[in-house]
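Chemist: model the structure of this input:
(2 chains)
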Amino acid sequence: MIDLGRYATTVLMAYGVSIALIVGLVWQTVAANARARRALEEHDRHG
Amino acid sequence: MSIWKYANPAQFMRTTDGLLPWLVGAAAICCTAGVVWGFLTPDDFRQGSTVKIVFLHVPAAMMAINIWVMMLIASLIWIIRRHHVSALAAKAAAPIGAVMTLIALATGAIWGQPMWGTWWEWDPRLTSFLILFLFYVGYIALWSAVEDPDSAADLTGVLCLVGSVFALLSRYAVLFWNQGLHQGASLSVQSGERMSHVYRYPLYLAMLGFFLLFLALLLIRTRTEIRRRRLAALQAREMRA
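Modeler: All right, here's what the predicted structure looks like:
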């Protein structure tokens, strides 16, 4: 286990916030892309 | 072969279709490896374990500025040559840039609290970064507010031009005003080695990872915008028929 010493909360908070923001951005990007592709496919199917 | 052939949405979709899986894989590997390697580096003799924050803070700050520069180039291409893909690429890049700026601001505040004794200071670099973040938010809001996509691209292009002053200011603020809390560049070609190789190599990898992550997300988001634009065009054609 890595010993972060007295700054453990600071380091973990920085990593936690950054990873949460990146994961959120990736999730939103992938979900929006899937929605747009589905909508276009749906439109093409129904003419 | 001309670069302008990628301004054709169909050609752009075909090319990026094959490129994306490789880009996503490379971004995931480099990002994870850079950040994990950075997390495992030894403590700094002055800053203790807080030095590990540099592997998120510097790549995010670097991307925050460079994404705006990329948006400026894409906007200029739209304004001069009227290529829709470039306008959509600028639109697609903005939320990524906003998140990168937010990461830089948040990690900077978290890092600054134990090192400077304050979460926030109206320091030139911090202030110019906050303004850059507000420009990103304004840019995204302007795209949503204008209904006609071509008018929105024109107006956001002008906003992008104005915001570029703050993007440059964010980069060089430390040099202009030598009175802030924020230190100078961590990595500098002119000033030689300022950082031990123990930290430098994982930092390079994290920077590469963030750059590849941006490229992968940019391509996916631009493809999303192209699909939305196509669907809107098809629906408008049906309405007219």
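Chemist: need the contact list for residue B:9.
Modeler: Listed by CB atoms under 8 Å, 6 or more residues apart in numbering or on different chains, the contact set of residue B:9 reads B:84-85, B:226, B:229-230. Every residue, glycine included, has its C-beta placed from N, CA and C.
Chemist: give me the subset of the residues you listed touching chain A.
Modeler: Among those, proximity to chain A is found for residue B:230 (CB under 8 Å from any CB of the partner chain).
Chemist: next, count neighbours for the closest residue to residue B:83 other than its chain neighbours.
Modeler: Counting by CB to CB, 6 or more residues apart in numbering or on different chains, residue B:83 lies nearest to residue B:7, which is 3.7 Å off, once chain neighbours are set aside. Neighbours of residue B:7 under the rule other CB atoms under 10 Å in any protein chain shown: 17.
Chemist: does stretch B:48-55 come close to chain A?
Modeler: Yes. For stretch B:48-55 and chain A, the contact criterion (CB under 8 Å from any CB) is met by B:48-50, B:52-53.
Chemist: now do the same end-to-end measure for that stretch.
Modeler: Start and end residues of stretch B:48-55 are separated by 14 Å (CA to CA, to the nearest Å).
Chemist: interface residues of chain A facing chain B?
Modeler: Applying CB under 8 Å from any CB, one finds that chain A approaches chain B through A:2, A:4-8, A:10-11, A:13-15, A:17-18, A:21-22, A:24-26, A:28-30, A:32-33, A:36-37, A:39-40, A:43.
Chemist: and those, which of them are buried?
Modeler: Taking 16 or more other CB atoms under 10 Å in any protein chain shown as the criterion, what is buried in the residues of chain A next to chain B is A:4, A:7, A:10-11, A:13-15, A:17-18, A:21-22, A:25-26, A:29, A:32-33, A:36, A:40.
Chemist: before we move on, the earlier item: looking at the contacts of residue B:9, which are in helices?
Modeler: The helices, defined by DSSP state H, take in B:84-85, B:226, B:229-230 from the contacts of residue B:9.
Chemist: tell me where chain A has strands.
Modeler: In chain A, no strands are found when defined by DSSP state E.
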